[in-house]
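> Attaching a predicted model along with its sequence, questions to come.
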Amino acid sequence: MDTDFSRRQMVQQQIRTWDVLDPSVLAVLTRLHRERYVPDGFEKLAFADMEIPLPHGQMMMKPVVEGRLLQALDLEPQHSVLEIGTGTGFLTACLAKLSASVTTIDIFSDFISTAKSNLEDEQIENIELICMDATIELPEGQFDAVAVTGSLPTFDTRLVNIVKPGGRIFVIVGNPPTMDARIVTRISEYEWTIKSLFETDVLPFLNVSQPSRFFLDIANRIKTSEI
């Protein structure tokens, strides 16, 4: 398989046609070797318009969703990023190429190990990998952007507290079969805007079946505005 040709075709025929036009995002997706981040035996499907099965019943996002996520975060070279849900590390690598630093967390230690190996093979070093359950705790500090790679039944308002004013969060909210991909922008301490981007359907994070875990009482007290 001519992987360079297949990668270019993926970018031109799938990702660009799904309204991903940011030159820096397209360049990263063209350069990075996505086939090196898929599980063994799935290399020929690395550039297909489909999710790819991962261990623990998880899935690797479609390339088009990865492209829309990267474009929506509007990353700058000086930005710090938090990724929730590391998977194989492909999206982590994309985020790292577009920003100054990435902290990525995953509940599965073997995903962290696999991603670490993949990223080392690509000589990508501006990444911190942590095994952590995001439903219990989140990394300390504040970030310019947060990428949430699984779906949530409701928006987790804790996420707003870990982005700087003006910071952006990509998150997919809802229940199957139709979920809403959103970009959430923090305006002030208790205010943010929500912009709906597109409909999709991705696997939910583990341990988030009860919306009460996501501080709905806080959400009712905090002012939001939806675009």
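Cool, the structure landed.

> from here on, contacts and neighbour counts on C-alpha atoms
Fine.

> Could you list the buried residues of the longest strand anywhere in the chain?
Across the chain, the longest stretch assigned as strand under DSSP state E is strand 163-175. Going by neighbour count (16 or more other CA atoms under 10 Å), the buried part of strand 163-175 is 163-165, 167-175.

> Of all the residues in the next helix or strand after it, which ones are buried?
Going down the chain from strand 163-175, the next helix or strand is strand 178-188, by DSSP states H and E. Residues 179-187 are the ones in strand 178-188 that count as buried (16+ other CA under 10 Å).

> Tell me where the longest helix sits in the protein.
In the chain, ranked by residue count with DSSP state H as the criterion, the top helix is helix 109-121.

> CA atoms only for that one, dumped as PDB, please.
Only the C-alpha atoms of helix 109-121 are listed here, as PDB (Å, rounded to 0.1, in the frame of the first residue of the first chain):
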ATOM      1  CA  SER A 109      -2.500   2.200  31.500                       C
ATOM      2  CA  ASP A 110      -1.800   0.100  28.400                       C
ATOM      3  CA  PHE A 111      -3.100   2.900  26.200                       C
ATOM      4  CA  ILE A 112      -0.700   5.200  27.900                       C
ATOM      5  CA  SER A 113       2.100   2.800  27.300                       C
ATOM      6  CA  THR A 114       1.200   2.200  23.700                       C
ATOM      7  CA  ALA A 115       0.900   6.000  23.000                       C
ATOM      8  CA  LYS A 116       4.200   6.700  24.700                       C
ATOM      9  CA  SER A 117       5.900   4.200  22.500                       C
ATOM     10  CA  ASN A 118       4.200   5.500  19.400                       C
ATOM     11  CA  LEU A 119       5.100   9.100  20.200                       C
ATOM     12  CA  GLU A 120       8.700   8.200  21.000                       C
ATOM     13  CA  ASP A 121       9.000   6.500  17.600                       C
END
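
> So which elements touch it?
strand 127-131 (3 or more CA pairs under 8 Å, 6 or more residues apart in numbering; DSSP states H and E).

> So which elements touch the strand it packs on?
So strand 127-131, by 3+ CA pairs under 8 Å, 6+ apart, packs with strand 101-106, helix 109-121.

> Adjacent strands (with direction) for it?
When pairing is defined by DSSP bridges, strand 127-131 lines up against strand 101-106 (parallel).

> buried ones in the partner strand?
101-106.

> model confidence over it, on average?
Averaged across strand 101-106, pLDDT comes to 98.
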